[in-house]
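**Q** Quick check, what structure comes out for this input:
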Amino acid sequence: MNTKKQVMFQRFKQAAVVATAAGVTAASNAAIDVTEITGELSGAQVAGATVAAAAILIPLGIKVFKYIRSAF
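**A** Sure thing, here's the model as predicted:
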């Protein structure tokens with residue numbers, strides 16, 4: 001049986017996960033919205049920027065997914 005303190009901690013942890021997921025969503029939306037910047041780049045530069053963004057966002061998404069899964 002969970003104590004009141006354990007239940008409160010679990011709820012806090014779940015709220016933190018939701019807030020973190022919302023922040024990551026906002027950050028990824030900001031990172032993806034680069035159409036005005038990439039309009040002046042050549043094709044090779046756009047491809048390089050896309051690969052770099054994926055290299056950053058994919059591991060971040062995996063960490064967030066694992067964190068969310070461990071909270072529930």
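
**Q** Please make it C-alpha for all contacts and neighbour counts, starting now.
**A** Will do.

**Q** ranges for the helices of this structure?
**A** 4-32, 35-38, 43-71 (DSSP state H).

**Q** among those helices, where is the model least confident on average?
**A** Of all the helices of the chain, mean pLDDT reaches its minimum on helix 35-38 (a mean of 57).

**Q** Against Arg69, how distant is Gly61?
**A** 12 Å (C-alpha to C-alpha, to the nearest Å).

**Q** likewise Val7?
**A** The gap separating Val7 from Arg69 is 17 Å, by C-alpha to C-alpha.

**Q** before we move on, what about Val46?
**A** 34 Å.

**Q** higher neighbour count, the two?
**A** Neighbours of Val46 and Arg69, each counted by other C-alpha atoms under 10 Å, are more numerous for Val46; the result is 17 against 10.

**Q** count of residues packed around Val17?
**A** 20.

**Q** Tell me which residues are up against stretch 60-72.
**A** Contacts with stretch 60-72, where a contact means C-alpha atoms under 8 Å, 6 or more residues apart in numbering, come from 10, 13-14, 17-18, 20-21.
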